[in-house]
Structure formats: C-alpha cells, structure tokens
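Peer 1: here is my input; please provide its structure:
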Amino acid sequence: MAKTCDRRSFMKQSVAAGAAYIAAGALAQPLLRAMPRSMLTPTGPEVVSVTGENYYEGARKAVQHLGGIKSFVSTGSVVGLLVNSRFRHPGTYAKPQIALAVIAMCHEAGAKKVISLEDAPGRYWKGATLSKELSEYVDAIESPGGYVTRTIPGGVRLKEAEFLRDALECDVLINIGIAKDHEGTRFTGQLKNIMGATSGSTNEFFHKGSNARGYYDDVEFLSGCIADANRIRRPSLSLNDVSDVVLTNGPFGPGKIGSYRTIVAGTDPVAVDAVSATVIGLDPKNIAMISFASEYGIGVGDLSRIQTTRMTI
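Peer 2: Predicted structure coming up:
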C-alpha cells in the first residue's frame, strides 16, 4: 500500500529535490563547458555564421563562440595554417584579416610556431593593415617543408597522395578557405582547399586520373578525389570567408562579386562548406564533393543535422 503524505511533507520533499537538482546542475557546468560543442548538440555539429564588416573581429568572435582558441591550440603547439591565398583578383582569396586574427589568437594561446602550408606570398599579408604586433607575427611565419606519400585508407578514387609533411605532423591544422564559384566543381571552400596541401602531381591526378582530357571533363572523379584527400588529415578548426566572393568565373576570376560580409566557422569542414554554400545561394546536395565527403563519414553535409548559430557584429 502506497504511503500518503500531507501538503507540508510534500512541499519539504519538493524543496529538497529542487535544491539537489540545482546543486547537481552547478556541479555539471564545468564539465559541460569542457565538452566540445559538437558533443552538446543533439543532432550534429555546430557551425557559427558571423556577419559584419570587421573581418578580424568577426573571426575572433567565431572562434570564441566555438570555445575559444585554447580549445584547439595549447602552449607549445605547432600550428599548420592552410589559407587560400594565392589568387589575385578580388573575391578569389580569403581575406588576410581573417588569417591574421587566427594567427594572433594562436600566439596568444602560446603556440610555438605557425607554418603557412600554402606559403602565402608577402603581398597577401600586405592586403591588411598590420600593427607592430601583427607585423612581428607575420615575420615569424614559417614556410612548409616537402611532401611525403601517404596511402589513403578507404580511398575510393584516390588511393594515395603526396601530402605536405608539415600538414601531417603539425599539432593543430587550421583551414581557412573561401566560399566561391569554381568552373569545375561549382563551389570551393574547406574541402577543396585541402588541395593546397597536396603536390602538383597529386592535383594533376585529381583532374586527369580517370583519363579525362581536360581539367574539368570528369567532375565526379575530381570531386571524389577531393573527398578522399580529406581523409588524410581533418582540420581542427575550419573557417570560410564568405564576405566578397566571385560568383562567376571562379576560381581565378575576375568575376561577378557577391557581398555577404560573413565568416562561417566550425570543427566539421563538411558542415562548414554546406552552410557556406547556402550563403551564396547553392544547395549543398548539388555539390558532389560535399555529398561524397558526407557519404565517406568525413563530416555532416545534411543541413537538417547541423546546428547553425548566426551572429552579427
């Protein structure tokens, strides 16, 4: 037979239970803060979209929202920074302010050194205003070494690739791409930017390894190779510049410019590309490299499974 309790007893029990619940919640908070945000989302990875015209501060705000740079870079870390930086026309390269913000944050976190994996040219950094401190950071950037051949476990179209040794051995890999038009794949961002860490001969195979005559005669094969290459090393942190980007005649330009004043960031490069594609009016389901990368388990390309936080500065 169940015990009965009067109203006063019931209230005492309720207050005690509430206090225990609050105390448990307070004790759990440090653990929750320590968890990667991808673990806290019930459906999938989190992506943050920051809109505003101050791209240096926008990049900092995006990283802060993802847990702060110290969630990725610890004291003494070697950081490999892969920046889409070699193109010349407006809207074809990631804004240097974004890369500079990331470099500054890495130094603030105590990074031992930063290696520019694409070996960004000096003219690239001059595209942004450099304070004395930022100039010192740029002067300290190191160039990458040579390539090593890596077999790709599970590779479907790309079985092996020549990959920068520093991109493999760095403690932290940060990928800074630009979401823009591409003559062949129709979109370039995080996934395609990994080609900046592969050798010229490997890139040639991407385009002609299926015996295609022209560079973009077999876009399915090219897209599949890009997805396979992203199995080699997944970035710790991914940022796409979706500020002023070419919407036609990519990747080299010149072309029609779309101005979206946005930075998209996250820890899942596939999710970052999927969200970035929507900003410039593309459906990620129609971008083969995103579909392949999702299929291969490299990341999440399904927008319904991505938690997107939008912010304005």
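
Peer 1: okay, and for the protein, where does confidence drop off?
Peer 2: 1-43 (pLDDT under 70).

Peer 1: can you do 90?
Peer 2: Within the chain, the ranges that satisfy pLDDT under 90 run 1-44, 121-122, 126-127, 129.

Peer 1: the spatially most central residue of it: which element?
Peer 2: Centroid-nearest residue in the chain, with Cα atoms, centre = their mean: Ser238, separated by 1.4 Å. Assigned by DSSP states H and E, Ser238 belongs to strand 237-246.

Peer 1: and the next element down the chain from that strand?
Peer 2: Following strand 237-246 toward the C-terminus (DSSP H and E): strand 257-266.

Peer 1: residue ranges for the strands of the stretch 101-250 of the chain, please.
Peer 2: In the stretch 101-250 of the chain, the strands defined using DSSP state E, counting those that start in this stretch lie at 113-116, 147-151, 160-164, 172-178, 237-246.

Peer 1: Met289: which of the ones you listed is closest?
Peer 2: strand 172-178 (12.2 Å; Cβ to Cβ). The way it works is simple: take the backbone N, C-alpha and C, and place the C-beta from them, glycine included.

Peer 1: who does that closest one touch, helix- and strand-wise?
Peer 2: With contacts taken as 3 or more Cβ pairs under 8 Å, 6 or more residues apart in numbering; DSSP states H and E, strand 172-178 sits against strand 78-83, helix 96-108, helix 190-193, strand 237-246.

Peer 1: show me what the shortest one is in contact with.
Peer 2: The one in question is helix 190-193. If you take Cβ atoms under 8 Å, 6 or more residues apart in numbering as the criterion, helix 190-193 is touched by 82, 84, 175-177, 182, 185, 226-227, 230, 235, 238, 240, 269-270, 272-273, 276, 289-290, 293.

Peer 1: now it: how far from the chain's centre is it?
Peer 2: Relative to its parent chain, helix 190-193 has a centroid offset of 9 Å by Cα atoms, centre = their mean, to the nearest Å.

Peer 1: in it, which residues are buried?
Peer 2: Going by neighbour count (16 or more other Cβ atoms under 10 Å), the buried part of helix 190-193 is Gln190, Leu191, Lys192, Asn193.

Peer 1: ditto for the longest one
Peer 2: By neighbour count, with 16+ other Cβ under 10 Å as the criterion, the buried positions of helix 96-108 are Pro96, Gln97, Ile98, Ala99, Leu100, Ala101, Val102, Ile103, Ala104, Met105, Cys106, His107.

Peer 1: contacting residues for the fifth one?
Peer 2: By Cβ under 8 Å, 6+ apart, the contact set of Leu100 is Tyr56, Trp125, Ala128, Leu130, Leu134, Tyr137, Val138.

Peer 1: partners of the residue nearest to the centre of the chain in the sheet?
Peer 2: On the basis of DSSP bridges, Ser238 is bridged to Asn175, Gly266.

Peer 1: wait, it sits on Val272?
Peer 2: Yes. Counting by Cβ atoms under 8 Å, Val272 is a contact partner of Ser238 at 4.5 Å.

Peer 1: list residues touching both of these two?
Peer 2: Gln190, Ala265, Gly266.

Peer 1: show me which of the residues you listed is closest to His207.
Peer 2: Comparing the shared contacts of Ser238 and Val272 against His207 with Cβ to Cβ picks out Gln190 as the nearest, at 19.4 Å.

Peer 1: look up how far Ala120 lies from that closest one.
Peer 2: Look at Gln190 and Ala120: by Cβ to Cβ, to the nearest Å, they are 17 Å apart.

Peer 1: for Phe206, same thing?
Peer 2: Distance of Phe206 to Ala120, given as Cβ to Cβ: 22 Å.

Peer 1: what do you get for Glu162?
Peer 2: Glu162 sits 20 Å away from Ala120, going by Cβ to Cβ.
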